[in-house]
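Colleague: Structure here, sequence nowhere to be found:
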């Protein structure tokens, strides 16, 4: 079960990363190429305060780009997100947990703001605007944003449901007696106590020397006659 959940989560995460990372890098490249450096920074700075009209327009462009490059619809992108979140929750707990709605529209906009801030800060500290590490950084943004959709506090506050196991002590005693040959432990109370020193002073008796009372009497009589 867990192997299947991990596999589903990994496949969905890889597919979502491949689509979103490529779009975000392409968006930033186009924005950079169409404007001067100062204007590029201004465009990045304005992303968090886009109007609803501007946001709707850019989201439609995003969906068009993703379908063209990855053949994924808005519904399929939402399904990938829910697969990741449901698999993550089930790997943490078996209790039914309601997942906060996290759709591709909200995820897309959050990632645009994070990526925009990343490049805005990067321009101030480095000459190169783009390099090989950008993809890895955006992948981290995707994972981090998805993790915030997981209700971790709800999972931590949910009590574990542990199934009580009844132990059959009577049956265990019966099995123990069978293994011990039905040994009566009370019989040990009737045995006399022998100290360690006394135990080592006792000489072992050979089986041949053990005779009943009549044999002992006969042996004594025979020995006494020989002495006469």
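Modeller: Great, that's in hand. Quantities reported herein were computed from a predicted structural model and do not represent experimental measurements.
Colleague: helices or strands up against the single longest helix found in the chain?
Modeller: Ranked by residue count under DSSP state H, the longest helix found in the chain is helix 2-34. If you count contacts as 3 or more Cβ pairs under 8 Å, 6 or more residues apart in numbering; DSSP states H and E, helix 2-34 packs onto helix 37-46, helix 52-70, helix 74-92, helix 104-125, helix 134-147. In short, each C-beta sits where N, CA and C put it, glycine included.
Colleague: in stretch 121-131, what's buried?
Modeller: Within stretch 121-131, the residues scored as buried using 16 or more other Cβ atoms under 10 Å are 122, 123.
Colleague: I'd like to know how far the residue nearest to residue 8 when sequence neighbours are not counted sits from residue 151.
Modeller: Closest residue to residue 8 apart from its sequence neighbours, by Cβ to Cβ, 6 or more residues apart in numbering: residue 87 at 5.1 Å. Residue 87 sits 14 Å away from residue 151, going by Cβ to Cβ, to the nearest Å.
Colleague: Those two: who's more crowded?
Modeller: Between residue 87 and residue 151, counting by other Cβ atoms under 10 Å, residue 87 is the more crowded of the two (21 against 17).
Colleague: For the more buried one, list the residues it contacts.
Modeller: Contacts of residue 87 were listed using Cβ atoms under 8 Å, 6 or more residues apart in numbering, and they are 5, 6, 8, 9, 12.
Colleague: quick one: it and residue 40, what's the gap?
Modeller: In terms of Cβ to Cβ, residue 87 sits 38 Å off from residue 40.
Colleague: Which pLDDT value goes with the nearest residue to residue 43 once chain neighbours are set aside?
Modeller: Spatial nearest neighbour of residue 43, chain neighbours left out: residue 31 (5.5 Å); criterion: Cβ to Cβ, 6+ apart. At residue 31, the predicted lDDT confidence score is 93.
Colleague: same deal with residue 192?
Modeller: Per the predicted model, pLDDT is 54 at residue 192.
Colleague: Likewise for residue 203?
Modeller: Looking at residue 203, the pLDDT reads 52.
Colleague: can you check residue 164 too?
Modeller: Looking at residue 164, its pLDDT stands at 40.
Colleague: Now tell me what touches stretch 10-29 from outside.
Modeller: Contacts of stretch 10-29 (Cβ under 8 Å, 6+ apart): 62, 65-66, 69-70, 72, 77, 80-81, 83-84, 87, 107-108, 111-112, 115-116, 119, 130, 134-135, 138-139, 142-143, 146.
Colleague: at 7 Å what do you get?
Modeller: By Cβ atoms under 7 Å, 6 or more residues apart in numbering, the residues outside stretch 10-29 that reach it are 62, 65-66, 69-70, 72, 80-81, 83-84, 111, 115, 119, 130, 134-135, 138-139, 142.
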